[in-house]
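*Asks:* whatever this is, show me its structure:
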Amino acid sequence: MQLIKKGKPLLKRLSIIKKVSWFIIIPIAITSCIRGTSKKSSCIEGPEVVILFTRPFIYSKKDFLSIDGIDFTHVGHLDSLNLGDYLPNNNPIILELNGKQAREDSNEITIGRALARNLKRTGDYRILNGPELLTSGKLKFARKDNKPISICSSLNYNAHIGTN
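*Replies:* Residues are numbered from 1 along each chain as shown. Below you'll find the predicted structure:
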């Protein structure tokens, strides 16, 4: 009889440990799954790269474009474009005055030109198709030292990216 009485509390303790472990294991598993999906990307490499941003020009915080380790993210304020490696989102704020905002829709040309300005600012890249960029938004560029360019983007990134 004493063995049975001693066994019950042990079984209860084991069931409590199992329940508590699920509260620890499940959040860790979910977190690792979320981290794993946010880092998925597609990468290409080549001496010349061509990018054409495509509709819809809606980018989330998870969307990214990385060129030779320079990460570009999309922002909703045009003031931010001069602060770092940012590209405009679909409908950025171009002016804010007395609590009112003026917005302008982005297109492939405005996003392509912003990327071209950022790349030229680094001093490492040359733009190969200035007139075409201004009319179609297609950006073609290469490194000045002729090394291959490595470009990665999040999966389902709204742009056609290729090499020549």
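
*Asks:* for A159, see how far away the spatially most central residue of the chain is.
*Replies:* Residue closest to the average C-alpha location in the chain (Cα atoms, centre = their mean): F64, at 1.7 Å. According to Cβ to Cβ, to the nearest Å, F64 stands 11 Å off from A159. Backbone N, C-alpha and C define where each C-beta goes, glycine included.

*Asks:* and for these two, which residues touch both?
*Replies:* Common contacts of F64 and A159 (Cβ atoms under 8 Å, 6 or more residues apart in numbering): S153.

*Asks:* quick one: the residue nearest to the centre of the chain and S154 touch, right?
*Replies:* Yes: using Cβ atoms under 8 Å, F64 makes contact with S154 at a distance of 5.2 Å.

*Asks:* joint contacts of the two?
*Replies:* Contacts common to F64 and S154, judged by Cβ under 8 Å, 6+ apart, are S41.

*Asks:* looks to me like L87 is in a strand.
*Replies:* Yes: counting by DSSP: H, G, I helix; E, B strand; the rest coil, L87 is part of a strand.

*Asks:* who does it form a beta bridge with?
*Replies:* Beta-bridge pairing of L87 under DSSP bridges involves H74.

*Asks:* what is the burial count for it?
*Replies:* L87: 25 surrounding residues under other Cβ atoms under 10 Å.

*Asks:* likewise for P56?
*Replies:* So P56, with other Cβ under 10 Å, has 7 neighbours.

*Asks:* likewise the one 4 residues further on?
*Replies:* Other residues lying near S60 total 9 when counted by other Cβ under 10 Å.

*Asks:* same deal with P92?
*Replies:* P92 has 25 neighbouring residues, counting by other Cβ under 10 Å.

*Asks:* in three-state terms, label it for me.
*Replies:* For P92, the assignment made with three-state DSSP gives strand.

*Asks:* that one contacts H77, correct?
*Replies:* Yes: taking contacts as Cβ under 8 Å, P92 lies within contact range of H77: 6.2 Å.

*Asks:* show me what G162 is bridged to.
*Replies:* Beta-bridge partners of G162, counted by DSSP bridges, are V50.

*Asks:* quick one: it from G123, how far?
*Replies:* For G162, the distance to G123 - Cβ to Cβ - is 24 Å.
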